[in-house]
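S.K.: I would like to see how this sequence folds:
(one chain, ligands or ions: 1)
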Amino acid sequence: MATTTRANAAATAAGAGARAATRDTAVAAADREGRGTPAPWAKRHLLSLEELSCDEIGVLLDTAESFKEVLTRDVKKVPSLRGKTVANLFFEPSTRTRTSFEIAAKRLSADIINFQAAGSSVQKGESLVDTALNIQAMQADTVVVRHASSGASQLLARELDCSVVNAGDGIHEHPTQGLLDIFTIRERRDLEGLHVCLVGDIRHSRVARSNIWGLIKLGAQVTVCGPPTLIPHGIEEIGANVAYDLDSVLPTVDVLNILRIQFERQHGAFFPSIREYAVEYGISVERLRQAREEVLILHPQPMHRGIEIAAEVADGHHSAILDQVTNGVAVRMAVLFHTTLASSGPDS
Ligand code: CP
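M.R.: Below is the predicted model:
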């Protein structure tokens, strides 16, 4: 593992004592009438996990932990973003991410606008930037954007004055999915030295990239495994190990994060047939027997049952797939809380 990874992990350990303080500050701020003082955070945008330090990822995860507690209360709402407006700008389909950001904004008492490209003036040729500038002109404080083009959120961050949160851009990153995956693992395991294997279509996966950046910064060991045609060239340079034979890796794996085959982004034949893919890389009950008894199964969804994951595995006792969805709300509350307040400052 790279020296910087160890240094980052050591910094995480050293910061563990500060974690409770960060959590207490965030939850107290969230609970108070008005906005109080947010935990230490300075970034107006969340565009990728690549750009975050180990400590910044820690702040978001710790804040999410406190918001998860809020979500167990009878009244699942805090006044932290009262008077603020969050706009969901989705130019690609979504079930979980869009809904999760909407619930997160409502739990923080923000107003929420849901914009979908279908049925909008995008169909008349309006550009992404013009659309976003118009939403901003209606006084949105934070824009959450999903787009098929890698770099779309960076473009908006340059052009807008409000906060921009990347909800998935092309094959680049999906930082809140990476955070909620890491949060779900961290609830159950110590990340230092943990072996996480991402299986499947790594080439087209923004989820894989966010996981790799985040997990390695926090001290985990990451392997990507899939057909050679679906492993992007140079992925080792960001710290991931590469494997093509899943059965040889499985016995050493603590967490399996199973990725969807992204048929919509594949322009060509990346493997001979779906059946062959399922035989070589599908996680069946039989294959899972080779893994450690306590192996944790994750999937960002939507999933193809019977192709990359058997239904019995998706619904079995190793699976934390629906916990990931629950944790997504707390993680997105933390992201909206910190980015929106970094943009506009606490209520005067
Ligand atoms: N995991 C994920 O991004 O799901 P959606 O495409 O439904 O948002």
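S.K.: OK, contacts around the residue in the stretch 101-250 of the chain positioned nearest to the ligand?
M.R.: Closest residue of the stretch 101-250 of the chain to the ligand, Cβ to the nearest ligand atom: residue 177 (5.2 Å). C-beta coordinates here come from the backbone N, C-alpha and C atoms, glycine included. By Cβ atoms under 8 Å, 6 or more residues apart in numbering, residue 177 lies in contact with 97, 168, 206-207, 210, 300, 328.
S.K.: one more: residue 198?
M.R.: With Cβ under 8 Å, 6+ apart, residue 198 has these contacts: 205, 208, 211-212, 222-225, 240, 257, 259.
S.K.: among those residues, which are in strands?
M.R.: Secondary structure from DSSP state E places 222-225, 257 of the contacts of residue 198 in strands.
S.K.: show me which of the residues you listed is closest to residue 194.
M.R.: Distance to residue 194 across the ones in strands among the contacts of residue 198 (Cβ to Cβ) is lowest for residue 222, with 9.3 Å.
S.K.: apart from its neighbours in sequence, what residue is nearest that closest one?
M.R.: Distances taken as Cβ to Cβ, 6 or more residues apart in numbering place residue 240 nearest to residue 222, at 4.8 Å, with adjacent residues excluded.
S.K.: surely that neighbour is in contact with residue 221?
M.R.: No - using Cβ atoms under 8 Å, residue 240 is not in contact with residue 221; the gap is 9.2 Å.
S.K.: the more surrounded of these two?
M.R.: Taking other Cβ atoms under 10 Å, residue 240 and residue 221 do not tie; residue 240 has more neighbours (26 against 21).
S.K.: for residue 214, see how far away the more buried one is.
M.R.: From residue 240 across to residue 214, the span is 12 Å (Cβ to Cβ, to the nearest Å).
S.K.: re earlier: identify the contacts common to residue 240 and residue 221.
M.R.: In contact with both residue 240 and residue 221: no residue, using Cβ under 8 Å, 6+ apart.
S.K.: pull the contacting residues for residue 164.
M.R.: Neighbouring residues of residue 164 by Cβ under 8 Å, 6+ apart: 44-47, 142-143, 145, 153, 156-157.
S.K.: my read is it is in a helix, agree?
M.R.: No - per DSSP: H, G, I helix; E, B strand; the rest coil, residue 164 lies outside any helix segment and is strand.
S.K.: now the two most distant members of the contacts of residue 198.
M.R.: So, these by Cβ to Cβ: farthest apart are 205 and 223, at 14.2 Å.
S.K.: same drill for these two, tell me which one is more crowded.
M.R.: Neighbour totals were compared for residue 205 and residue 223, and residue 205 leads with 28 against 18 (other Cβ under 10 Å).
S.K.: who in the stretch 201-348 of the chain is up against the ligand?
M.R.: 300-302 (Cβ under 6 Å from any ligand atom).
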